[in-house]
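Trainee: 3D, please:
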Amino acid sequence: MVSNELIKQLRKLDRVDKLQIIQLLAAELANEENNLIKSGASYPVWSPYDAVDAANIMLETLNAETD
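Mentor: Below you'll find the predicted structure:
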């Protein structure tokens, strides 16, 4: 959580300094995004193929809504 003191200090900055802070944070977020997926690693992906139980629940829910 961001402290109120930090927010107060950020609000006191002039426009150029605020833009530099935004650029810094955007670069940090971009670096974190690049590190989310590791090269050569495998990641499970769910597929609705053969999800008969889920389809039946969805159909029951839709039918209940129209009653």
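Trainee: CA only for contacts and neighbour counts going forward, please
Mentor: Will do.
Trainee: C-terminal to the lengthiest helix in the chain, what's the next element?
Mentor: Ordering each helix of the chain by length in residues (DSSP state H) puts helix 15-34 first. Downstream of helix 15-34, the next assigned helix or strand under DSSP states H and E is helix 52-66.
Trainee: secondary structure class for Val2?
Mentor: coil (DSSP: H, G, I helix; E, B strand; the rest coil).
Trainee: how near is it to Pro48?
Mentor: Val2 sits 40 Å away from Pro48, taking C-alpha to C-alpha, to the nearest Å as the criterion.
Trainee: so where's this protein uncertain?
Mentor: 67 (pLDDT under 70).
Trainee: so who does the residue nearest to the spatial centre of it touch?
Mentor: Central residue of the chain (C-alpha atoms, centre = their mean): Glu33, 10.1 Å from the mean position. Glu33 sits next to no residue when contact means C-alpha atoms under 8 Å, 6 or more residues apart in numbering.
Trainee: could you measure it against Met58, distance?
Mentor: Distance from Glu33 to Met58, by C-alpha to C-alpha: 34 Å.
Trainee: got it, and Asp17?
Mentor: Asp17 is 52 Å from Met58, by C-alpha to C-alpha.
Trainee: cool, Leu25 as well?
Mentor: Distance from Leu25 to Met58, by C-alpha to C-alpha: 41 Å.
Trainee: counting neighbours, what do you get for Lys18?
Mentor: 14 (other C-alpha atoms under 10 Å).
Trainee: what does the one 5 residues further on give?
Mentor: Taking other C-alpha under 10 Å as the neighbour definition, Gln23 ends up with a count of 12.
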